[in-house]
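Trainee: model the following, please.
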Amino acid sequence: MAQQAPEGWTGTERELWEAYRQGEVLDFRSGEANTDDPFGDAVWGPSRTVRAEVLAQLLLAGPEPAPGRVTSLRLSGVTVTGALNLAGGAIGDYVEFQDCRFEHKILISEAAASTLRFVRCLVPRLEASRLSTTGDLHLARCRLPDGVRLTDARIGTDLLLNQAVIGGDRYGRAVSADGITVNQDFEAERLETTGELSIRTARIGGRLSLRGAQLRADRQHNHTCFNAVRVTVGHTLYLTGSADRGWAGSRGYYGSGYGENPPPDGPITPFRAFGRVRLSDSRFDGACLISGEFHLEGDDELSLRRIHTPELRFTCKVRPTGTVALSRARVGNLVDAPESWPRGKHLALTGFVYENLRPHRPFTIQERIAWLEGSSVDFQPESYEQLAAALRRDGADDDAREVLYAKQRRRRRTLPPPTRLWGAVQDATVGYGYRPGRAGLWLLLAWALGSLWFATHPLEPLKADERPHWNPVLFTLNQLLPIVDLGQGGWNPGGASQWISAGLVVIGWLLASTVVAGASRMLQRG
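Mentor: Presented below is the predicted three-dimensional model:
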């Protein structure tokens with residue numbers, strides 16, 4: 001293979017030929033920020049221009065390395081003219097572009113590569129469906145006005161889109177990455193998109209981080225800004241804020257780190273979604289952390305239907321403006337706050353299963369019941385049972401009974417009028433069995449009224465020749481507690497007193513059992 005650059009190559013391209021053989025960086029940046037800005041208006045002349053066909057020849061059929069060197073293509077501060085077409089090729093070299101401009105889209109579909117890094121580059125569009133890499137794919141701080149296509153790509157280690165600004169294609173999609181496999185982390189922190197970010201059926205071995213991302217749907221074509229249906233994430237999903245300190249002015253290759261750890265109380269840029277967010281049927285093996293802002297319009301919703309995760313942290317500081325759907329989701333720990341959930345029947349909880357409640361901020365039982373009753377479905381008995389079971393596991397028996405009491409009251413509103421009336425009587429007298437103190441008060445009232453009646457209406461004895469000592473208070477109590485003999489059974493009520501006596505017996509049977517059951521629960525807790 002020839003060790004000299006081909007005839008017809010410019011001086012800049014000949015320098016690139018030799019830098020490639022030496023595995024060195026070829027840097028044409030001047031050191032002046034305005035001049036070197038790939039997104040600015042500064043004109044880069046022929047000395048900072050390389051043809052795409054030259055890059056393709058180096059990467060697909062390049063020269064042998066210099067003795068003791070490893071070939072690599074590392075280029076900074078140039079304009080690439082023409083369309084870079086590497087589709088279907090085998091790229092064995094390390095490739096890195098920094099602060100470069102590409103006049104046309106890059107085609108690397110169905111190519112095999114090691115590591116590809118584009119840092120702070122202007123690329124009209126990247127076509128990389130079914131791309132396979134053994135290393136990283138980085139598009140950190142790049143601008144891609146016509147979108148990225150990574151459908152069914154296989155990334156050997158990390159995929160980085162941090163601080164990238166990506167526009168939509170003609171179908172309103174900014175990132176089309178359905179079926180992508182990323183063996184380690186997928187970072188898209190502070191990503192800005194106009195159009196749908198779609199990673200349906202993706203498999204991510206590490207974490208999926210969109211901290212501080214700003215996702216906007218292209219509503220002329222699609223109301224969805226983030227589509228992650230049936231995704232599998234081996235660690236954690238982050239739809240959270242990003243601390244501001246450390247990002248501004250950072251020029252790290254990876255575009256991912258903060259440098260120093262930011263202070264916990266410092267300013268942050270929240271994750272923001274303007275459009276539908278779909279996470280349905282996805283699995284997050286570490287946790288699902290959601291604390292962003294969701295600006296939903298009309299029928300838009302944040303869909304968490306049927307997700308599986310050991311922990312769901314839903315701690316939004318701004319209430320979502322649309323529906324949050326958790327139907328048939330299954331989580332271990334539910335970490336939330338009362339002000340994080342939407343209001344006005346914009347919550348779907350049908351079949352939502354969680355093991356433990358771990359409120360991020362104080363969440364009273366009345367607020368938790370209101371959370372249930374804010375569901376978009378009128379009455380869901382299983383939601384009350386689920387909440388009560390979680391409270392019992394935490395030892396909050398009183399709160400669990402409060403939930404079940406609320407369930408009965410809510411159920412009553414769905415019944416026909418006669419049954420509803422009977423339910424109101426049960427509620428007023430014994431609180432459906434969950435208010436034993438209320439039953440005790442009714443017993444005391446019945447005792448007082450009965451004692452007053454019989455004190456003014458003495459009874460005749462059963463046997464004329466036997467006249468036991470008359471005690472209206474004990475007689476009334478004997479009627480209310482029929483299983484107890486207080487020595488007042490020798491009297492024979494008649495007329496109105498007979499009806500009152502019978503009523504006291506019925507009231508006693510109805511209320512005393514409730515009082516006894518409540519006392520038993522207290523003794524068991526003691």
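Trainee: once you drop chain neighbours, what's closest to the residue nearest the centre of the chain?
Mentor: Geometric centre of the chain, nearest residue: Ile290, 4.4 Å, by Cα atoms, centre = their mean. Counting by Cβ to Cβ, 6 or more residues apart in numbering, Ile290 lies nearest to Leu239, which is 4.7 Å off, once chain neighbours are set aside. No exception for glycine: its C-beta is placed from N, CA and C like everyone else's.
Trainee: just the helices in this structure please.
Mentor: For the chain, applying DSSP state H gives helices covering 11-22, 33-36, 52-61, 365-373, 381-393, 397-412, 417-430, 436-456, 472-480, 496-525.
Trainee: where does the protein dip in pLDDT?
Mentor: The chain contains residues with pLDDT under 70 at 1-2, 245-265, 420-440, 464-467, 482-483, 485, 487-490, 492, 509-526.
Trainee: my read: Arg120 touches His138, true?
Mentor: No: taking contacts as Cβ atoms under 8 Å, Arg120 lies outside contact range of His138: 10.5 Å.
Trainee: quick one: stretch 27-44 to chain centroid distance?
Mentor: 41 Å (Cα atoms, centre = their mean, to the nearest Å).
Trainee: with stretch 108-121 instead?
Mentor: Distance of stretch 108-121 from its chain centroid, counting by Cα atoms, centre = their mean, is 31 Å.
Trainee: ditto for stretch 52-59
Mentor: 44 Å.
Trainee: equivalent analysis for stretch 16-26, please.
Mentor: On Cα atoms, centre = their mean, the centre of stretch 16-26 falls 47 Å from that of its chain.
Trainee: what comes into contact with that stretch?
Mentor: Contact with stretch 16-26 is made by 3-5, 9, 15, 50, 54, 58, 62-66, 69-76, 93, 96, as judged by Cβ atoms under 8 Å, 6 or more residues apart in numbering.
Trainee: what do you get if the cut-off is 10 Å, keeping everything else the same?
Mentor: The contact list for stretch 16-26 (Cβ atoms under 10 Å, 6 or more residues apart in numbering) reads 2-6, 9-10, 12, 15, 27-28, 50, 54-55, 57-59, 62-78, 93-94, 96, 98.
Trainee: look up how far Pro359 lies from Arg313.
Mentor: Distance of Arg313 to Pro359, given as Cβ to Cβ, to the nearest Å: 11 Å.
Trainee: shared neighbours of the two, anything?
Mentor: In contact with both Arg313 and Pro359: Leu334, Val335, Asp336, Ala337, using Cβ under 10 Å, 6+ apart.
Trainee: leaving out sequence neighbours, find the closest residue to the first one.
Mentor: Using Cβ to Cβ, 6+ apart and skipping residues adjacent in sequence, the residue nearest Leu334 is Tyr354, 4.2 Å away.
Trainee: list the contacts for that neighbour?
Mentor: For Tyr354, the contact set (Cβ under 10 Å, 6+ apart) comprises 311-312, 326, 329-334, 336, 386-387, 389-390.
Trainee: again, but for Pro38
Mentor: 29, 44, 76-79, 97-102, 120-123, 141-143.
Trainee: top of the shared contacts of Arg313 and Pro359 by neighbour count?
Mentor: Each of the shared contacts of Arg313 and Pro359 was scored for neighbours by other Cβ atoms under 10 Å, and Asp336 scores highest at 23 neighbours.
Trainee: the spatially closest residue to that one that is not a sequence neighbour: neighbour count?
Mentor: Spatially, and ignoring its direct neighbours in sequence, Asp336 is nearest to Phe314 (4.6 Å; Cβ to Cβ, 6+ apart). Neighbourhood size, Phe314 [other Cβ under 10 Å]: 22.
Trainee: and the gap between Phe314 and Asp218?
Mentor: Phe314 is 27 Å from Asp218, by Cβ to Cβ.
Trainee: likewise for Thr315?
Mentor: To Asp218, Thr315 is 29 Å away according to Cβ to Cβ.
Trainee: out of the two, which sits in the more crowded spot?
Mentor: Taking neighbours as other Cβ under 10 Å, Thr315 and Asp218 compare with Asp218 leading, 21 against 17.
Trainee: which residues sit in contact with the more buried one?
Mentor: For Asp218, the contact set (Cβ under 10 Å, 6+ apart) comprises 167-169, 171-174, 193-196, 224-225, 275.
Trainee: is Ala273 in a bridge, and if so with what?
Mentor: Note on Ala273: beta-bridge partners by DSSP bridges are Leu215, Phe294.
Trainee: so it touches His223, yeah?
Mentor: No: using Cβ atoms under 10 Å, Ala273 is not in contact with His223; the gap is 11.4 Å.
Trainee: between those two, who's got more neighbours?
Mentor: Ala273 (25 against 18).
Trainee: roughly how far does that one sit from Ser376?
Mentor: In this view, Ala273 and Ser376 are 20 Å apart by Cβ to Cβ.
Trainee: for Val473, which non-adjacent residue is spatially closest?
Mentor: Nearest residue to Val473 in three dimensions, chain neighbours excluded: Ser451, at 4.6 Å (Cβ to Cβ, 6+ apart).
Trainee: residue contacts, the one you found?
Mentor: Contacts here follow Cβ under 10 Å, 6+ apart; on that basis Ser451 touches Asn471, Pro472, Val473, Leu474, Phe475, Thr476, Leu477.
Trainee: now the residues you listed as JSON lines including distance to Trp341?
Mentor: Formatted as JSON lines, those follow (distance: Cβ to Cβ, whole Å):
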{"residue": "Asn471", "distance to Trp341": "59"}
{"residue": "Pro472", "distance to Trp341": "56"}
{"residue": "Val473", "distance to Trp341": "53"}
{"residue": "Leu474", "distance to Trp341": "55"}
{"residue": "Phe475", "distance to Trp341": "56"}
{"residue": "Thr476", "distance to Trp341": "51"}
{"residue": "Leu477", "distance to Trp341": "50"}
